[in-house]
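Peer 1: sequence and predicted structure, then a few things I'm wondering about:
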Amino acid sequence: MTIGGETGTAQEPLIAEVFPLAKEKQFAGINDMLIALDHGQIDAFVHAQESLKAALEEKPDQYRMLEEPIGEIECGMAVSPKTRYPQLVGQLNTFLADLKASGRGSSHSWRRR
């Protein structure tokens, strides 16, 4: 089995962890992986769930997506103390609190340093 992943992303180690016997093939982006899937060069690929959903909506009868995510990828964000937007940290924290309260967000830890 050959599984595609996007070069330089968190999916690279995830593929090896979840599918240790699979052969990995790296691609520049999701469009390249869709083309490889169409041409039988890979059997499946791993990508961030929301962008994967959006890409697959274009051809709903051609592709199938697993109902549950295969892993959890945490992303962080750093804000420069020299930012020209001093209100940015507060705005981001408000956004994340609202997202979490709505049930659409996961728990994040934000610290101002």
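Peer 2: In hand now; what should we look at?
Peer 1: please enumerate the strands of the protein.
Peer 2: Using DSSP state E, the strands of the chain run over 2-6, 23-27, 44-45.
Peer 1: looking at those strands, which is closest to residue 88?
Peer 2: strand 2-6 (27.6 Å; CB to CB). No exception for glycine: its C-beta is placed from N, CA and C like everyone else's.
Peer 1: list the neighbouring strands of that closest one plus their orientation.
Peer 2: As defined by DSSP bridges, the strand partners of strand 2-6 come to strand 23-27 (parallel), strand 44-45 (parallel).
Peer 1: among the ones you listed, which comes closest to residue 98?
Peer 2: With respect to residue 98, and counting by CB to CB, the nearest of those is strand 44-45 at 32.3 Å.
Peer 1: the domain parsing of this protein - what is it?
Peer 2: 2-56, 74-113 (automatic domain parsing).
Peer 1: please identify the deepest-packed of those domains.
Peer 2: With neighbours defined as mean count of other CB atoms under 10 Å, those peak in mean count at domain 2-56, which reaches a mean of 15.
Peer 1: give me the distance between the two termini of that one.
Peer 2: Start-to-end span of domain 2-56 (CA to CA, to the nearest Å) is 19 Å.
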